[in-house]
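Visitor: Take a look and give me a structure for this.
(4 chains)
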Number of protein chains: 2
Amino acid sequence: MAYLDRGLASNGGHGAGGAAFSAREAVPFSHIKTQRHHEHTVLFYEGDPADRLFELEDGVVMLYKLLPDGRRQVVEILNTGAVFGVPGHDVYDCSAESLTPIRVSSFDRREIETSATLQKQLTRCLMSQMETLHDHAVLLGRKSAVERVATFLMRLVPNRGGVGCLGPADGKPQDEFNVTLTMTRQEIADYLGLTIETVSRVISDLKRRGFIKIERQDHIRINNVCGMCQLTGAH
Amino acid sequence: MAYLDRGLASNGGHGAGGAAFSAREAVPFSHIKTQRHHEHTVLFYEGDPADRLFELEDGVVMLYKLLPDGRRQVVEILNTGAVFGVPGHDVYDCSAESLTPIRVSSFDRREIETSATLQKQLTRCLMSQMETLHDHAVLLGRKSAVERVATFLMRLVPNRGGVGCLGPADGKPQDEFNVTLTMTRQEIADYLGLTIETVSRVISDLKRRGFIKIERQDHIRINNVCGMCQLTGAH
DNA sequence: CGCCGTTTTGACACTTCTCAACTTACGTGG
DNA sequence: CCACGTAAGTTGAGAAGTGTCAAAACGGCG
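Guide: Residues are numbered from 1 along each chain as shown, chains lettered A, B, ... in the order given. You can find the predicted model right below:
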C-alpha cells in the first residue's frame, strides 16, 4: 500500500486485495506465478540472474546488500504493493528476504517491455521508492543515532514520519500509538546504519525518558507521538 | 550517459548527442523546452510544485535535501542522460543544482502518462538510479571515511568503482588515472555524509600514502588504481 | 524447569566531529 | 604584473558519539 498508492488520485484505499497489477490485460504465455513464503525466506540473492520481477501482495520484505567482510546494509523495507527485483542490469543488485509471511507474484522481466499498464505501475512505484531512498540517504548520512531510531519508529505511525508527515502542529490527534516491529534489533541496526548495541541503548534511553514503553520486544507503545516527532530531526 | 546506458543492449555509446528522449514520437502541444544554465544554478527547490520533468543532456547536476537545522545531504550526482525532477507526489522531494554548465530539456509531467517511449526510457533510467542509490546507502550506512572517499574517487574512473567494477584482478589495464572533480570539498562532504574537515584529512592522508597526487584542487591523479580500489571496502 | 538465542548493559577504544587557526588559491583592482 | 582581499581548503587539539568486546539479563520453547 505504502508505495503504489502514493501519488495516485485517491481511489479509496487499495482496491481488491493489494494486487495492483492484477487488473492488467491478459498476456498470452505470461508466466505469472503467485507464491507464499514464510518469514525469513530469501527470495533471491544479490548477483543472481535478474530474470523475474516481483510484486509484494502481502507482507513485508527487506532488500539488503553485503560487503565482502560481512557488513550488511538493509537498503529498503517494502510493504504491500511494492515492486522489487527491478533489473538495473542483468543481475539483482541486492538480496531480498521476507520479514513476515508474504504473498508475492512474479513476472518474467520481459513483460515490462510488453505491457503498458505494467510499465506505468512500475514507474509510479519506482518514483515513490526513489523518494524513500532519498529520505533514507538523509537519515544515513546526516542523522544521529537517536534521530535515526525516532525516524524509524515514526515511520510506523500512519500519516507521520513518512514523506507526508503533517508536522507537530496538527492539533495532537493522537498522542500515543502502538507500533509492531517486524524486524529484529539486528535488522533495525543494519537498516539504520548502526550497531545492535547502539539501537538497544537508544531504545532503552527513549524508554527511560518516557517517550516509549516496551510492551513486548516487538511491540512498542509511543507515549508521546509529537515529542517523538521532534526527535527525528525533521522538525 | 552513465545512467541511461546501463542495462541497455550495447548500442555503441550514447547515440546523437545525449538526448535519449529526442527520438520519441511527436506529441501535439507538448511543452518541451531546452535550456542552458551556468554552474551552481538551482533548477528547483525541494517543496516546489513538481510540474516538470528534466532530462540532463549535458553536464552534471546534484540533488540534495536539507534538514531544518541546515544539515545537507546530497542524495544523487547525475550525469548526462539522467532524468530528474521525478514526481513521487505533487512537489519535488529534493533540490536540484548544476555543478557544471549544463544543457537540460524539460517536459510537462503529464507527458509521462501519454508517451509510451518516454515511459520506457524513464523506467530504465529509474532502475539504474535505484541501483546507484542502493550502493550509496551502503556507503553512508556502513563505510568508513577512507572507504567513502576512495569509493567516490573510484567512481570517477571509467569501468571502475561503479556497479560493474571489474575488480582488482583484471590484469592492471591502467594503474594510474586522472580524475577531474566538479564538486567542492563541501559538496563532496555532503554527498559522502562527512564533514569538510574529514574529507580534507582523508585526501591529505591518501596523498601522504602515495595513492594520489593533487595536481590542482579539482584535478587529482590516482597513482595506484588497484590499490585505491582495495580501499573502497568493495573488494 | 532448563536451555539457547536475542537483547541489554557496561567499560573502554576509536573514529569522526567541532571549533579554531592557519595556508593556499583565485579574482579584482591598482 | 603585483598586491590585496576573500573564499576555499588544510591542519591541529580536544570533545563527543558510536563501535567493540565481554558479560549479564531476558524471553521463548522444548
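Visitor: Buried residues, the helix or strand of chain A with the lowest mean pLDDT. List them.
Guide: In chain A, no helix or strand scores lower on mean pLDDT, DSSP states H and E than helix A:111-114, which sits at a mean of 81. Judged by neighbour count (16 or more other Cβ atoms under 10 Å in any protein chain shown), helix A:111-114 contains these buried residues: A:111-112. To be clear about C-beta, it is placed using only N, CA and C from the backbone, and glycine gets the same treatment.
Visitor: quick check, it touching chain B?
Guide: Yes - Helix A:111-114 is in contact with chain B by Cβ under 8 Å from any Cβ of the partner chain, via A:112-113.
Visitor: Give me the neighbour count for A:Arg110.
Guide: Neighbours of A:Arg110 under the rule other Cβ atoms under 10 Å in any protein chain shown: 12.
Visitor: and what of A:Phe211?
Guide: 22.
Visitor: same check, this time on A:Asp218
Guide: Neighbour count of A:Asp218, defined by other Cβ under 10 Å: 13.
Visitor: Excluding residues flanking it in the chain, which one is nearest it?
Guide: Among residues not flanking A:Asp218 along the chain, A:Leu181 sits closest, at 4.3 Å (Cβ to Cβ, 6 or more residues apart in numbering or on different chains).
Visitor: Got the confidence number for the residue positioned nearest the centre of chain A?
Guide: Geometric centre of chain A, nearest residue: A:Ile77, 2.6 Å, by Cα atoms, centre = their mean. A:Ile77 is assigned 98 on the pLDDT scale.
Visitor: In contact with it, which residues are there?
Guide: Taking Cβ atoms under 8 Å, 6 or more residues apart in numbering or on different chains, we find A:Ile77 in contact with A:60-62, A:99, A:183, A:191.
Visitor: Run through the bridge partners of it.
Guide: With DSSP bridges applied, A:Ile77 shows beta-bridge pairing to A:Met62.
Visitor: gap between it and A:Thr184?
Guide: 13 Å (Cβ to Cβ, to the nearest Å).
Visitor: And the strands in chain A?
Guide: A:33-37, A:42-44, A:52-58, A:61-66, A:72-78, A:83-84, A:95-98, A:102-108, A:177-180, A:212-216, A:219-222 (DSSP state E).
Visitor: Switch those strands over to JSON lines; also include distance to B:Leu140.
Guide: Formatted as JSON lines, the strands of chain A follow (distance: least, Cβ to Cβ, whole Å):
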{"stretch": "strand A:33-37", "distance to B:Leu140": "30"}
{"stretch": "strand A:42-44", "distance to B:Leu140": "24"}
{"stretch": "strand A:52-58", "distance to B:Leu140": "25"}
{"stretch": "strand A:61-66", "distance to B:Leu140": "12"}
{"stretch": "strand A:72-78", "distance to B:Leu140": "8"}
{"stretch": "strand A:83-84", "distance to B:Leu140": "21"}
{"stretch": "strand A:95-98", "distance to B:Leu140": "19"}
{"stretch": "strand A:102-108", "distance to B:Leu140": "28"}
{"stretch": "strand A:177-180", "distance to B:Leu140": "25"}
{"stretch": "strand A:212-216", "distance to B:Leu140": "26"}
{"stretch": "strand A:219-222", "distance to B:Leu140": "26"}
